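Q: Here is my input; please provide its structure:
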Amino acid sequence: MDVKSTITTLLRDGFILVFNQDKLDVVKTARALIKAGVNNMEVTCRISKPLEKLGRLRKELPDFVAGVASLIDSQEMLDVYNKANPKDPLPSVQEVVDTGACYLVSAGNFNDETFKKYAGRVAMIPGCGSVAEVISQFSSGANLCKIFPAKQLGGPAFIKAIDPAIHKTISLVPMGGTNTGNIGDYIDAGVLVLGGSFSLIEKEVMKKIIDEQDYALLAEELTKVKKLIDKLRAEKYPDIDFTAASIEQISQSTGRNFNIA
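A: Down below sits the predicted model:
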């Protein structure tokens, strides 16, 4: 899947689910997302065997836009961690690309060599915590810039404060602390795509989903999140039909550039 198709899917979805729950089946979760109208998901490297989970997604749902998150773009850190955890090592960027990742999401910045190898080839969403990092990573080839940890950085107020400094050109994706109570504030601040985990679902409901492996209920809960995002984006951008708009149309209407030639 090329970069343009991947980013178009993320923009149409408006939501990236962080798959961080080892007690759920990754493919059944993806199918629940599809029922909810979301056609992408990121598998975080903070769970066990992320490469195995990514491989299953790519094999069983080849049209689903599967990404990998919490990537550490540092061979030195990978060496230290993997030496201490040989049975469940952290994958490198190269390994997740080879396994078929449609997009790459890092905990921190991607390094220059990684951009040279993959920018324009695989969609890239680096983790950023400042205006300087956002500008630097976008200038190197990032398509979207992840704001992480969004809650601790200031939430919607942080994005609203820094957006004028980047001339509302770069699309920011908050991850960490997003919830149904602040989604509207993020969208009002100019966010087009939000990242969120299963914490968007009430704890008792999530416990029932896990205990009973109830993927129909999961789809219902994810549908609520998707409908909320759709409603709020439609109010913010009444001239855009996100379900059908091209990346060029979204860019023209919002002023955002997605680094796609």
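
Q: Let me see the ranges of the strands in this protein.
A: With strands called from DSSP state E, the chain shows them at 15-19, 40-44, 65-71, 103-106, 123-125, 127-128, 145-147, 172-174, 194-196.

Q: how about the ones you listed, which one is nearest residue 212?
A: strand 15-19 (18.7 Å; CB to CB). In short, each C-beta sits where N, CA and C put it, glycine included.

Q: Strand partners (parallel or antiparallel) of that closest one?
A: As defined by DSSP bridges, the strand partners of strand 15-19 come to strand 40-44 (parallel), strand 194-196 (parallel).

Q: The shortest one - what's its average pLDDT?
A: Pointing back at strand 194-196 there. Per-region confidence: strand 194-196 scores 97 on mean pLDDT.

Q: and if you look at stretch 207-226?
A: Averaging pLDDT along stretch 207-226 yields 98.

Q: got the buried residues for it?
A: Within stretch 207-226, the residues that count as buried by 16 or more other CB atoms under 10 Å are 209, 215, 217-223, 225-226.

Q: what sits up against that stretch?
A: For stretch 207-226, the surrounding residues in contact (CB atoms under 8 Å, 6 or more residues apart in numbering) are 13-15, 17, 21, 23-25, 28-29, 31-33, 35-38, 180, 183, 196, 200-201, 205-206.

Q: residue contacts, the residue lying closest to residue 196 once chain neighbours are set aside?
A: Setting aside the residues directly before and after it, residue 196 is nearest to residue 178 in space (CB to CB, 6 or more residues apart in numbering), at 4.3 Å. Residues near residue 178 by CB under 8 Å, 6+ apart: 150-151, 186, 194-196, 200.

Q: do you know how far residue 178 is from residue 208?
A: According to CB to CB, to the nearest Å, residue 178 stands 22 Å off from residue 208.

Q: burial measure for residue 261, as a count.
A: Applying other CB atoms under 10 Å, we find 5 residues neighbouring residue 261.

Q: wait, what's in contact with it?
A: In this structure, residue 261 makes contact with residue 120, judged by CB under 8 Å, 6+ apart.

Q: now do residue 25
A: By CB under 8 Å, 6+ apart, the contact set of residue 25 is 213, 215.

Q: what about the closest residue to residue 100 other than its chain neighbours, neighbour count?
A: The shortest distance from residue 100 to any non-neighbouring residue, by CB to CB, 6+ apart, is to residue 58 (3.8 Å). By the measure other CB under 10 Å, the count of residues near residue 58 is 16.

Q: show me what contacts residue 58?
A: 66, 99-100.

Q: Among these, which one is most surrounded by other residues?
A: Top of the contacts of residue 58 by neighbour number is residue 66, holding 27 neighbours under the definition other CB under 10 Å.

Q: so that residue touches residue 100, yeah?
A: Yes - with contact defined as CB atoms under 8 Å, residue 66 reaches residue 100; the gap is 7.3 Å.
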